[in-house]
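Q: can you look at this prediction? I've put the sequence above it.
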Amino acid sequence: MSDGESNDQPSGAVGRRKRSCPPPPLDRNIAHSPGPAGTWHLLVDHAEGTGELARAFASPWGGGELAYRLGRDHDIGKGACAWQAGLIEEAVTGRKAPRPSHKDAGAYAFARAARREPVLLPFAGVIEGHHTGLSAWKGVRTLLKSLMKNSSPVDEAIRRVAAEMPQILDATPPTIPEWLGQEDPVRVEMLVRMTFSAVVDADRLDAAAHFRPGTRPRADADMVALWERFEKRRQAAIAERRRERGPDGQEPSWLDKLREEIYQEALEAAAGAPGIYRLHLPTGAGKTYAGGGFALRHAASHGMRRVVVAVPFISITEQNAAVYRELLDPERGPRAVLEHHSAVDVESRSNRWAKLAAENWDAPFIVTTTVRLIESLFGNRPSDVRRLHRLANSVIVLDEVQALPDQLLTPILSGLRELVEHYGVTLVLSSATQPELAELNPWRSDLPQRDIVATPAPLFEQLRRVRYEWRTDPDVTLGSIASEASDHRQALVVVNGTKDANRIHAVWQESRDSDPGVLHLSTRMTGAHRRAVIATAKRRLKGGLVTHLVSTSLIEAGVDLDFPRGYRARSLPESEQQAAGRVNREGRHAAEESVMVIFEPADGLQPHVIYNRCGIAAAARRFGPTPLKDPDDLDTLRTYYEHRYRMQAGRTATDPNGATGETIEALRAKLDFPQVADRMQMIDNEHSAPVVVIRPQLDQVEKGKARTAIRELRDGIPTPETYRALQDHTASIPRRELDNGIAVGHAAQITGELYEWVGPYHSHRGIEPDQA
């Protein structure tokens, strides 16, 4: 697509218009070629439509006038004769025609007006990057200085557009939010991002309305009605769960009663003023209901527009989204819940709303991953940032907040603080192991945090469902733990890596060949394979059958299993506590009888190799056998986080010696948007690679669907269902193993960086380590 085309013009539209293209209007500048009604999109209409939409999007934070001006002027460069001629030629002939870049003219026109208010100059980058992405201010400034000296490259376009829209020559700078000051460049940086988001979304929506009439933002949801629907269906779900328990389950259990008390306290807290809240609850206390209920009632009470729930793992996203859909989606009409993450291919859905909503989060309740949220907050590409403005005047629930990466905490906390202080956001930090984020620079000064549940410590005592034991002797091995676990009827073992999981499962299988109760979970298995194993484990546990499951850390959150006994290889205390949440989860046994063993295998993957080194060092001083503490000791967890952050954080938010992302914060202050986006990557794609696997165990119908999808990708003709068809058949292996697999013929390219694994696939363990 050329620089002049809107991203919302359907691909191939030029060719389809070739035979019946109406003549262009005389003496009028055009923004887009004819839509389905055969009408050209006039530049003056597109400019005004984009400006007004951008004004509406930015009004919640007082940036409406600024966004309007940038939206109105973003396509001034299309007034150049060469650009107009190229668009007309394309529309008439159906062939691509050369067109000059159209972004410089609008950026220059805005900068000319902004000279009286220097803090506004960087906002010219919104126009300069509205198709390609936000550039570094240093480069935009160089461009503007050049045009200030010699504006001849843009004079023609400005003159021709001004003949229709004389207001673009107004030299009065637009008004800016009263809280914006030149003394805080990071504040300016975030406003540039939010304004860019508003303008880009407005531009795409106005163009989409031309090519697909009726494509407009839907009205803000009735959050009061949404909250009432949530509460009504929640009560019905609880009643249904009791009915399923049979005669003995009609009365609420002690755990049901406690969860309801917690939920009611969360609703009372929702009346508090917008700001930062902490939801600190032990595993199994009903965090999903309490967090959702607080967020919806808070939004309804304060006139907020949406709720965004962000979680670190796709497995939790899928589980939570399913719960919230049952509670919130109407029986008819537009859906309320949008699930948006890398495993959901919204383009494959027949509902056009789902695709558009995923692009710009135009839905009242979003369930996404933390990666998606951070991409939106710190990306520079239009596709990432387009949805950012939707966060204004919303409730953001950061679930499992302890999983935020230490090396990025300073910019993350700085960005979140901006959203809370200037964009009407309420932030909920939800976790069983609340990190002491106030110890870090962006939150040290005058940023109050309120607890949704006022006194969580007694709850941790009431809900203590396990007794910790420690195996720290040098003779502890993976084999000894596998042997000990198999002495118990049902046991869970969680290890630090896929090789360790593979070894334990192999030990079990050697002595119990073909035993259906020997189970394995890791990312080396496809998504459908993992789900089948989890379903098998649930069924066997419920039926009291012999069940032994070994897993990597992927089981520690969002997987609702209830083992009577568990083993966790030494890691960080938050992971150890999460693993313990899979043991005696429903409190059916006495805590003394439900043992969680923390072990240090001499031959296993050591925690400092994969976990935060400062965290491991801080934990080693505090957690372990007597006289050290267990991972769920709240006072010790607090000092652990304080120590962990103190070892890493710099003295200031931009201290180059800090290890929590201070150098990224310095790049933000320089308005270096591409560098910030590059450094804020939360997933290290260099060390892992997805591969598609057609498992031998699949039936012929499933194999056929997967092979058809692979063929469509290879032929370059994917259908809307192609990517969705492959989601269940995707596993992950180290990139080194993929390279080895390619070399020996175990992996074949599908397209780009996506490969099909045609090598060995174990029926229980997936792609085994070192088999490439």
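A: That came through, no problem.
Q: from Val367, how far out is the nearest residue to Gly424 once chain neighbours are set aside?
A: Using CB to CB, 6 or more residues apart in numbering and skipping residues adjacent in sequence, the residue nearest Gly424 is Asn393, 4.0 Å away. C-beta here means a position set from N, CA and C on the backbone, and glycine is covered the same way. Distance of Asn393 to Val367, given as CB to CB, to the nearest Å: 19 Å.
Q: higher neighbour count, the two?
A: Between Asn393 and Val367, counted using other CB atoms under 10 Å, Val367 has the larger neighbour count: 29 against 21.
Q: hang on, isn't the more buried one packed against Asp329?
A: No - the pair Val367 / Asp329 is not scored as a contact, 11.7 Å apart, by CB atoms under 8 Å.
Q: identify the contacts common to those two.
A: Listed contacts common to Val367 and Asp329 are Val337; contacts here mean CB atoms under 8 Å, 6 or more residues apart in numbering.
Q: longest helix anywhere in this structure?
A: Longest helix in the chain by number of residues (criterion: DSSP state H): helix 185-211.
Q: taking the mean pLDDT, what do you get for that helix?
A: When pLDDT is averaged over helix 185-211, the result is 95.
Q: any idea which helix or strand comes after that helix?
A: Later in the chain than helix 185-211, the nearest helix or strand by DSSP states H and E is helix 223-244.
Q: pLDDT averaged over that next one, what's the number?
A: Computed over helix 223-244, the average pLDDT equals 89.
Q: and it, C-alpha only, in PDB?
A: Below are the C-alpha coordinates for helix 223-244, written out as PDB (Å, rounded to 0.1, in the frame of the first residue of the first chain):
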ATOM      1  CA  MET A 223     -21.600   0.800  32.200                       C
ATOM      2  CA  VAL A 224     -24.400   0.800  34.900                       C
ATOM      3  CA  ALA A 225     -26.400  -1.700  32.800                       C
ATOM      4  CA  LEU A 226     -23.200  -3.700  32.200                       C
ATOM      5  CA  TRP A 227     -22.400  -3.800  35.900                       C
ATOM      6  CA  GLU A 228     -26.000  -4.900  36.800                       C
ATOM      7  CA  ARG A 229     -25.800  -7.700  34.200                       C
ATOM      8  CA  PHE A 230     -22.500  -8.900  35.700                       C
ATOM      9  CA  GLU A 231     -23.900  -9.100  39.200                       C
ATOM     10  CA  LYS A 232     -27.100 -10.900  38.100                       C
ATOM     11  CA  ARG A 233     -25.200 -13.500  36.200                       C
ATOM     12  CA  ARG A 234     -22.600 -13.900  38.800                       C
ATOM     13  CA  GLN A 235     -25.200 -14.800  41.400                       C
ATOM     14  CA  ALA A 236     -26.700 -17.300  38.900                       C
ATOM     15  CA  ALA A 237     -23.300 -18.900  38.200                       C
ATOM     16  CA  ILE A 238     -22.700 -19.400  42.000                       C
ATOM     17  CA  ALA A 239     -26.100 -21.000  42.400                       C
ATOM     18  CA  GLU A 240     -25.500 -23.300  39.400                       C
ATOM     19  CA  ARG A 241     -22.100 -24.300  40.900                       C
ATOM     20  CA  ARG A 242     -23.800 -25.300  44.100                       C
ATOM     21  CA  ARG A 243     -26.500 -27.300  42.300                       C
ATOM     22  CA  GLU A 244     -23.700 -29.200  40.500                       C
END
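Q: in it, what's buried?
A: 223, 226-227, 229-231, 234, 238, 242 (16 or more other CB atoms under 10 Å).
Q: likewise stretch 31-51?
A: Buried-residue list, stretch 31-51, by 16+ other CB under 10 Å: 31-35, 40-43, 45-51.
Q: just stretch 155-172 next, same as before
A: For stretch 155-172, using 16+ other CB under 10 Å, the buried residues are 156-158, 160-161, 165, 168.
Q: ends of that stretch, what's the gap?
A: Length of stretch 155-172, first residue to last, CA to CA, to the nearest Å: 19 Å.
Q: which residues sit against that stretch?
A: Contact with stretch 155-172 is made by 28-29, 43-44, 47, 72-73, 76-81, 83, 102, 105, 108-109, 112-113, 116, as judged by CB under 8 Å, 6+ apart.
Q: among the residues you listed, which ones are buried?
A: If we count by 16+ other CB under 10 Å, those have these buried: 29, 43, 47, 72-73, 76-80, 83, 102, 105, 108-109, 112-113.
Q: so which of the residues you listed belong to strands?
A: Judged by DSSP state E, strands contain none of those.
Q: which ones among these lie within helices?
A: Going by DSSP H, the helices hold 43, 47, 72-73, 83, 105, 108-109, 112-113 from the buried ones among the contacts of stretch 155-172.
Q: possible to save those as JSON lines with pLDDT?
A: Rendered in JSON lines, the data for these read as follows (pLDDT from 0 to 100):
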{"residue": "Leu43", "pLDDT": "97"}
{"residue": "Ala47", "pLDDT": "97"}
{"residue": "Arg72", "pLDDT": "98"}
{"residue": "Asp73", "pLDDT": "97"}
{"residue": "Trp83", "pLDDT": "96"}
{"residue": "Ala105", "pLDDT": "97"}
{"residue": "Tyr108", "pLDDT": "97"}
{"residue": "Ala109", "pLDDT": "97"}
{"residue": "Arg112", "pLDDT": "95"}
{"residue": "Ala113", "pLDDT": "94"}
